[in-house]
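[1] The sequence and its predicted three-dimensional model are supplied below.
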Amino acid sequence: MKPAPFEYQAPATLRETIDLLVSDPEATVIAGGQSLIPVLAFRLAAPSMLVDLRRVPGLGNIAVGESGVRLGARVRWRDIEHDRRLATAHPLLLEAIAHVAHYQIRNRGTVGGSLAHADPAAELPGIAVTCDAEITLVGAAGARTIRAGEFFTGPLCSLVDYLIPTATDFPAIRAIALENHPSPSNPLGVKGAGEGAIIPVGGLIANAVAAALSSVGAEPNELPLSPPRVWRLANPS
Ligand SMILES: Cc1cc2nc3c(=O)[nH]c(=O)nc-3n(C[C@H](O)[C@H](O)[C@H](O)COP(=O)(O)OP(=O)(O)OC[C@H]3O[C@@H](n4cnc5c(N)ncnc54)[C@H](O)[C@@H]3O)c2cc1C
């Protein structure tokens, strides 16, 4: 699957960035793209505009002070790994970040992206809560600083998601489209376990039925796999 069409902007200042986000409620920020791009590719989100932070000055700095370490939103994992001051200034941070994914991801993934994405399995959100970190949010109304424990509102939810849909906002579910011409290696056009992406339970069951029927030379290529249809496939005469 490919992302839905979107506009792309790479503003040169933080002010411009905020103005773009305010002007279009469907716009979203992109930093390293390591979580957002897969989300877009699976069409789990379809923002109208991506506002890229790569040109915004002042977001890529690591400051070491007496009371701790300040990380800019666009600081990448590799910036942390390569900053020798952190060995004494924040050994926990340095040690934990070494466990983040592999180096390609560490070359692009950012502090702001990880905090905003709020994956409970990610390293930085856990460290932020453990260390009682303060997170600064900048918006049209100015800047405010809150504690990490208040920033994360649930798995994959943070205060950055100020537009969390409520139950009434859920779009109507229409229908599931089925392929007319399934691939020859996968007659039902569904994925198997471990093939990546989110596997619907129905697809897994259909794959299992197809595998079982292959032992009697039957190849199901029509859904739904209702009991009468499975019976006919297994007993063609
Ligand atoms: C294969 C793979 C393995 C990974 N393994 C690990 C792991 O072991 N441990 C781990 O901790 N992480 C892991 N990650 C996550 C990765 O390290 C990044 O932290 C994560 O993808 C988000 O950072 P990003 O800069 O790429 O954000 P993006 O993908 O660009 O953005 C993610 C979200 O944050 C928002 N966002 C980004 N920056 C900001 C900002 N400054 N302000 C507001 N919102 C913002 C975006 O709008 C988007 O919703 C993995 C990722 C992949 C693809």
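    Received, thanks. It should be emphasised that the depicted structure is a prediction, and the values quoted were computed from it without experimental measurement.
[2] list the contacts for residue 6?
    40, 46, 47, 48, 49, 50 (CB atoms under 8 Å, 6 or more residues apart in numbering). For glycine as for every other residue, the C-beta is placed from the backbone atoms N, C-alpha and C.
[3] What number of residues are in the vicinity of the last one?
    Same thing as residue 50. 19 (other CB atoms under 10 Å).
[4] can you pull the pLDDT of residue 177?
    On the pLDDT scale, residue 177 is placed at 41.
[5] An error on my part: the question was meant for residue 118.
    87.
[6] likewise residue 73?
    90.
[7] and it, what does it touch?
    Contacts of residue 73 (CB under 8 Å, 6+ apart): 31, 53, 59, 110, 111, 112.
[8] Which residue is the nearest non-sequential neighbour of it?
    residue 112 (3.0 Å; CB to CB, 6 or more residues apart in numbering).
[9] Assumed the one you found was part of a helix.
    Yes - under DSSP: H, G, I helix; E, B strand; the rest coil, residue 112 sits within a helix.
[10] For it, list the residues it contacts.
    29, 31, 53, 59, 72, 73, 74.
[11] quick one: which of those sit in strands?
    residue 29 (DSSP state E).
[12] what about the nearest residue to residue 45 once chain neighbours are set aside, which SS state?
    Closest residue to residue 45 apart from its sequence neighbours, by CB to CB, 6+ apart: residue 39 at 5.1 Å. Following three-state DSSP, residue 39 is assigned to helix.
[13] pLDDT value on whatever residue of the chain ends up closest to the ligand, please?
    At 2.1 Å from the ligand, residue 113 is the closest residue in the chain, using CB to the nearest ligand atom. Residue 113 is assigned a pLDDT of 91 by the prediction.
[14] Name the SS class of residue 51, please.
    Residue 51 is classified as strand under three-state DSSP.
[15] My guess is it contacts residue 12. True?
    No - counting by CB atoms under 8 Å, residue 12 is not a contact partner of residue 51; they are 11.8 Å apart.
[16] okay, these two: which has more neighbours?
    Taking other CB under 10 Å, residue 51 and residue 12 do not tie; residue 51 has more neighbours (22 against 10).
[17] Tell me the bridge partners for that one.
    Residue 51 has the following beta-bridge partners by DSSP bridges: residue 9, residue 29.
[18] which residue is nearest the centroid of the protein?
    Among the residues of the chain, residue 35 comes closest to the average C-alpha position under CA atoms, centre = their mean, at 3.6 Å.
[19] What's the separation between the residue nearest to it when sequence neighbours are not counted and residue 234?
    Counting by CB to CB, 6+ apart, residue 35 lies nearest to residue 117, which is 4.7 Å off, once chain neighbours are set aside. From residue 117 across to residue 234, the span is 46 Å (CB to CB, to the nearest Å).
[20] Next, residue 226: phi, psi?
    The phi/psi pair for residue 226 (degrees, to the nearest 10) reads phi -70, psi 160.
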